Every structure is written in structure tokens, then in C-alpha cells.
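Undergrad: Just need the structure, nothing else, for what follows:
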Amino acid sequence: MGRKHLITDSFQVVKKRRRNSKEVKKAQSSPCGTVQAEALLLDAVQPDQVEMLKQFDLSWEFGPCTGITRLQRWERAELLGLNPPVAVRELLLKFKGNPSIMHSLWHEYSL
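TA: Down below sits the predicted model:
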């Protein structure tokens, strides 16, 4: 009889490097300016505005939203005569520097 095949025969074993406790503490204690700026921008966005953007992402009649920003999708829908909500465009222009507002729900997922 031959040797029993293991999964590691087909796939390489990859071990993640552990962070030491000093790096973890340093990362937790040092405030990051961009995180604070995003937090301030998120505070200014009302929950009903976020819901409106989610509904815009979920509306299939304005075309697909993967791979483009919400503003690009709105402009494309406008060019195609699909009449996207003007309130969405105004909100996107108001928070243009905020990536969590500009990108759709599925931005972080790969195509």
C-alpha cells in the first residue's frame, strides 16, 4: 500500500505572521487622521440619506453598479435618459470626498 495523501500535498502550507503585542498596542494607541476625518464625515450623513443611497444601489433600473462609483452610475443613467433621483446626485456631490458615500454597497467585493 502507498502513502496516504494529505491536503498539504496539493496545497502549500501558508502560516500568517503573528503581530507582537507592541505592534498591536502601537496601532491601537496612535490615532489616524484619515480615520478621524472619515468619522466626522460619517457623522454629518443622516441615516435617511444613507438609506436613500442604498435604495439607489439596489435599483436595477439605473443599470449595474459594480466597478464604478455611485456618481458615475448616476451620470450614466442620466445620459441614458433613465431619470435617476436628483437628490442622490446632490448628496453625492455634497460628500464627494467620503469614499463610503461615493462607492456602492458592493465596492469591497471582487468582481
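
Undergrad: low-confidence ranges in this protein?
TA: Scanning the chain with the threshold set as pLDDT under 70 gives 1, 19-43.

Undergrad: OK, contacts around Glu108?
TA: Applying C-beta atoms under 8 Å, 6 or more residues apart in numbering to Glu108 gives no contacts. For the C-beta atoms, the positions are set from N, CA and C on the backbone; glycine is no exception.

Undergrad: any idea how far it lies from Trp74?
TA: Taking C-beta to C-beta, to the nearest Å as the measure, Glu108 falls 20 Å from Trp74.

Undergrad: likewise Asp9?
TA: Between Asp9 and Trp74 the computed distance is 51 Å (C-beta to C-beta).

Undergrad: Counting neighbours, go ahead and name the busier of those two.
TA: Between Asp9 and Trp74, counted using other C-beta atoms under 10 Å, Trp74 has the larger neighbour count: 23 against 8.

Undergrad: list the contacts for the more buried one?
TA: Applying C-beta under 8 Å, 6+ apart to Trp74 gives the contacts Phe56, Phe62, Pro84, Val88, Arg89, Leu92.

Undergrad: make it 7 Å
TA: With contacts defined as C-beta atoms under 7 Å, 6 or more residues apart in numbering, Trp74 is in contact with Pro84, Val88, Arg89, Leu92.

Undergrad: Look up which helix or strand it falls in, please.
TA: In this assignment (DSSP states H and E), Trp74 forms part of helix 70-79.

Undergrad: Not counting sequence-adjacent ones, nearest residue to Ala87?
TA: Counting by C-beta to C-beta, 6 or more residues apart in numbering, Ala87 lies nearest to Met52, which is 6.6 Å off, once chain neighbours are set aside.

Undergrad: Ramachandran coordinates for Gln49?
TA: For Gln49, the backbone dihedrals (degrees, to the nearest 10) come out as phi -70, psi -40.
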